[in-house]
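[1] no FASTA, just this:
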C-alpha cells in the first residue's frame, strides 16, 4: 500500500503524543487532514491538537489495531515503536515508512554499518561491545578518547559516556552500560562543529532537502540551532548531498534527521539518524516556505514535495524545564521572538518544554541577545 496517494480530508494516525507529534498534527490539520494520536498520557501534547486520542500503552496490540482501523495512513514520532505491531497492521492501513527504517535506526551497530557499507558514508570507527573484555579490546583498537553507548534506547546523552582515559573506566556508568549487554564503542572524531540536515522522500522517489543547521549542545542536549550553518558553501552542499544519498539508500518515506560532524577541513562524518522530525529542524516552522512537519506529512501521503527555501537566517533555542519561568517572562519583552510551548503537564529539569525561534539578519547579535537574557546561563 506504500504507493497509495492519501488525499486531503483523510486521517493520519500518529503513534506517540509528544511535541513532535503535536507539531506533526498541527501541520496536518492546516493541510486539511484529520489526526488520531495513540499515547498513554491523557491530554498529551499531540492529543491537545488532534481530532481524537486513543489513550493506551504503545505495546497495546488492540490499541494499535484500533488506530490502524480508524486511520488511512500511520506514522510515528519516536523510534521505540513495536516493529511487529506495525507489520501486523500493514495489510489494514498504509504504513509508508515500513519497518526497515526503524529496524536500522533503532540499533547503533546496524545504523553505523548501513551508513558505512550501504550508503558509502564516513562514520567514526566503531566496535560492538557486549562485555568488559570486548570493551578492553575495543579501547586497545580505537584508543582514547572514545564514546561508549548502548546500542538502543539512549537519547539526549542518556546511555552514553565519553572515555578520556583508563581512569574513566572506574565510573559506575561504565558498568551500567556494559550490563545492558548490547553496546557500541565509537572512536573519536575531531570535529569543529555539529550539524544536521532534514531530508524527506516520498513513495515516488521525490526528495526535499532542508538547509544545514549548526547545532550547539549542552550536556548532550540540543541548546541552539543556527541556520544557515556557519560553514563554507562547498561543505554545506556536501552535507545536503550526503543526506539525499542516505534517503535514497534507505528507501526513505517521510522525513529523516541526519546528524553530522564537520571537521576543520570540511569533511563530513555521519553521526546518527533520526527517522522522524528532529529538534534541530524546528526552525523551519517560521524560517522556511515549508516546515519539516509539512514535508513529512506530504511525504507519507505521497504528495509532490516542494523545493525548500530558507526565508531568513534563524536561531532556535530550546526551553528546558529550568528555563520555563524565565522564557515566559520574555514573552513580555521580545515581541519579535516566536514562542512555542508544548503544553506538557509536568515541568522537569532538562525536559524539553518548548522552543523559541528568532528570525534575524545578524546571527552573532541574536546569540548575544539570547545570552544577555540570563535565562540560559545555567548550563546544568
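    Sure, I can see it. If you're wondering where the values come from, they're calculated on a predicted model, not measured in any experiment.
[2] what about the longest helix in the chain?
    helix 233-249 (DSSP state H).
[3] what helices and strands are in contact with that helix?
    strand 191-201, strand 207-209, strand 254-263, strand 268-274 (3 or more Cβ pairs under 8 Å, 6 or more residues apart in numbering; DSSP states H and E). In short, each C-beta sits where N, CA and C put it, glycine included.
[4] tell me the confidence at residue 126?
    Residue 126 carries a pLDDT value of 98.
[5] number of residues surrounding it?
    Number of residues near residue 126 (other Cβ atoms under 10 Å) recorded here: 21.
[6] quick check: it vs residue 142, distance?
    Applying Cβ to Cβ, to the nearest Å, the value for residue 126 to residue 142 is 8 Å.
[7] please enumerate the shared neighbours of those two.
    185-187 (Cβ atoms under 8 Å, 6 or more residues apart in numbering).
[8] tell me the contacts of residue 28?
    Taking Cβ under 8 Å, 6+ apart, one finds 12, 34-35, 293, 297 in contact with residue 28.
[9] quick one: secondary structure of it?
    Following DSSP: H, G, I helix; E, B strand; the rest coil, residue 28 is assigned to helix.
[10] so what's the backbone phi/psi at residue 338?
    Reported as degrees, to the nearest 10, the phi and psi values for residue 338 are phi -100, psi 110.
[11] from residue 283, how far out is it?
    Residue 338 is 10 Å from residue 283, by Cβ to Cβ.
[12] between the two, which one's more packed in?
    residue 283 (30 against 17).
[13] what sits closest to that one if chain neighbours are left out?
    residue 316 (4.2 Å; Cβ to Cβ, 6 or more residues apart in numbering).
[14] residues contacting that neighbour?
    Applying Cβ under 8 Å, 6+ apart, the residues near residue 316 are 224-225, 227, 280, 282-283, 355-358.
[15] and of those residues, the nearest to residue 177?
    residue 280 (25.3 Å; Cβ to Cβ).
[16] using the three-state scheme, assign that closest one.
    Per three-state DSSP, residue 280 ends up helix.
[17] and it, how far from residue 63?
    As judged by Cβ to Cβ, residue 280 and residue 63 stand 31 Å apart.
[18] which of the two has more neighbours?
    residue 280 (29 against 19).
[19] please name the residues that touch that one.
    So residue 280 contacts 196, 198, 213, 215, 222, 225, 257, 259, 316 (Cβ under 8 Å, 6+ apart).
[20] quick check: it vs residue 355, distance?
    10 Å.
[21] same check, this time on residue 141
    Distance, residue 141 to residue 355, by Cβ to Cβ: 40 Å.
[22] neighbour-wise, which of those two wins?
    Neighbours per residue, other Cβ under 10 Å: of residue 141 and residue 355, the larger number sits with residue 355, 24 against 12.
[23] quick one, domains of this protein?
    11-95, 125-187, 191-372 (automatic domain parsing).
[24] export these to TSV and tack on distance to residue 118?
    Formatted as TSV, the domains of the chain follow (distance: least, Cβ to Cβ, whole Å):
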stretch	distance to residue 118
domain 11-95	19
domain 125-187	15
domain 191-372	5
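[25] for these, which one sits closest to residue 107?
    Residue 107 lies closest, by Cβ to Cβ, to one member of those: domain 125-187, at 5.0 Å.
[26] please name the residues that touch the residue nearest to residue 191 when sequence neighbours are not counted.
    Of all residues not flanking residue 191 in the chain, residue 261 sits nearest, at 3.7 Å (Cβ to Cβ, 6+ apart). Counting by Cβ under 8 Å, 6+ apart, residue 261 makes contact with 124, 189, 191, 193-195, 268-269, 271.
[27] which residues does residue 261 bridge with?
    Applying DSSP bridges to residue 261 gives these bridge partners: residue 194, residue 269.
[28] and it, how close does it get to residue 220?
    14 Å.
[29] likewise for residue 361?
    Where residue 220 is concerned, residue 361 sits at a distance of 31 Å (Cβ to Cβ).
[30] can you check residue 276 too?
    The value you get for residue 276 to residue 220, if Cβ to Cβ is used, is 19 Å.
[31] same deal with residue 336?
    30 Å.
[32] compare these two (neighbour count), which wins?
    residue 220 (13 against 7).
[33] avg pLDDT for the longest helix of the chain?
    Helix 233-249 shows a mean pLDDT of 98 in the predicted model.
[34] repeat for stretch 47-56
    Stretch 47-56 shows a mean pLDDT of 98.
[35] export the helices and strands packed on helix 233-249 to a markdown table and tack on distance to residue 171 and mean pLDDT?
    Shown next, in a markdown table, are the helices and strands packed on helix 233-249 (distance: least, Cβ to Cβ, whole Å; pLDDT from 0 to 100):
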| stretch | distance to residue 171 | mean pLDDT |
| --- | --- | --- |
| strand 191-201 | 23 | 98 |
| strand 207-209 | 40 | 98 |
| strand 254-263 | 24 | 98 |
| strand 268-274 | 22 | 97 |
